[in-house]
Structure formats: structure tokens, C-alpha cells
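1. My questions are about this predicted structure, shown below with the sequence.
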Amino acid sequence: MKTFKTLILALFACLLYNGCGIYSFTGVAITAETISIPNFYNDADGGPPDMAQIFTNKLTDYYQQNTNLLRVEENGELQLEGSVTGYRITPVAPTAAQSDDFGDAAALSRLTITVSVSYVNTTDETFDFENQSFSFFEDFDSNQNITTIERELIDRIFDQIILDIFNATVANW
């Protein structure tokens, strides 16, 4: 009986050990060792002038925090490049004017940012894509001054776009 318990315990320990080694919370299974992410360009009309640099830094940080990839300046086994191609503010929730002296307005506005990305995986070219657009938006109260909330909106939008890019490139989702 003692041998049976020892065998079950040993089997359970092996399964636990192997299971933890295979499972990944991000779903990332990368055979590459290096990544290169040159500075993205700002091809958008509007937005802060350093928007592309902010995006490049956040994208690089995300890959370094969520993978074991070593960042190299050029010719990485994985290569990401692109540009911020869109920055647009549009009204999304119109409200009626309170008097004839003022026209109709929008209660909510939407900031939409689009990023175009090309991805090269030198270890498996079936994952490559070129000029794929990733876009996301945040709504905000139109009574707020965009310059006071712009950085916060951009950060939240970039976080979602970066997650989408990560999933499309290395997370295999």
C-alpha cells in the first residue's frame, strides 16, 4: 500500500512539473531569439509630434516584458516596422442645441488612432504580414479639452493596439 501511494505521488509530481513547464499564460511559443523594432514613423495628420516615438517605446517595452526575445538594432529573427497612419477625432453622440443661438453639438467625441505594421518572422515566414492596419479608439466627453486628456487617451489606445499586434505576431491567437 505504501508503494502504491509513493507511485501515485511520484506520478502526480511528474505531471505537475511537466504541466507547469509547458503552460504559458501569454500563449507565446517563440523559437526566435531576437527582435528588431526600428522607430515607427508618424504619417498621421494631427496628434502630438512625438506620438510615433511614444508608440515605438511602448511596443518595445511590451515585447521585452512579455517575451525572452533579445532586442537588436537590425536584422532580428523577428522584425516589426511601420508607422502611425491615423489620428482622428469625430463626434459620436450628438445633442440638441439648448437655444437657437447655438448649433447642435456632440456630447461625446471619439479619438481613433491607426497604426500600420509589417512583420517578418525569419524562422517561419507563414506568419509574415505587410502593412496590416491596427486601430482602436477611446470616447471622451466633448466638454473636456482634448489637450488635457490626450496623453491618457493615447496611452490607452496604444495599449490595446500593442496587445493586438502582439497577438497577431507571437501569441498565435
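-> Sure, I can see it. Bear in mind the structure is a predicted one, so any value in this text is a computation, not a measurement.

2. what residues does the helix of greatest length in the chain touch?
-> Longest helix of the chain, by residue count under DSSP state H: helix 146-169. Outside helix 146-169, the residues within contact range by Cβ atoms under 8 Å, 6 or more residues apart in numbering are 47-48, 51, 54-55, 58-59, 62-63, 66, 78, 80, 89, 109, 111-113, 115, 117, 119, 121, 127, 129, 132, 134-138, 140, 173. Every residue, glycine included, has its C-beta placed from N, CA and C.

3. ok, of those residues, which come out buried?
-> Restricting the contacts of helix 146-169 to buried positions leaves 47, 51, 54-55, 59, 62-63, 66, 78, 80, 89, 109, 111, 113, 115, 117, 119, 121, 134-138, 140, with burial counted as 16 or more other Cβ atoms under 10 Å.

4. Quick check: the closest residue to Ala93 other than its chain neighbours vs Tyr119, distance?
-> Distances taken as Cβ to Cβ, 6 or more residues apart in numbering place Leu108 nearest to Ala93, at 3.8 Å, with adjacent residues excluded. Counting by Cβ to Cβ, to the nearest Å, the gap from Leu108 to Tyr119 is 34 Å.

5. need the contact list for Pro38.
-> Contact partners of Pro38, counting by Cβ under 8 Å, 6+ apart, are Thr56, Glu73, Glu74, Glu81.

6. The same query, at a cut-off of 7 Å, please.
-> By Cβ atoms under 7 Å, 6 or more residues apart in numbering, Pro38 lies in contact with Glu81.

7. Surely it is in a helix?
-> No - with DSSP: H, G, I helix; E, B strand; the rest coil as the criterion, Pro38 is coil rather than part of a helix.
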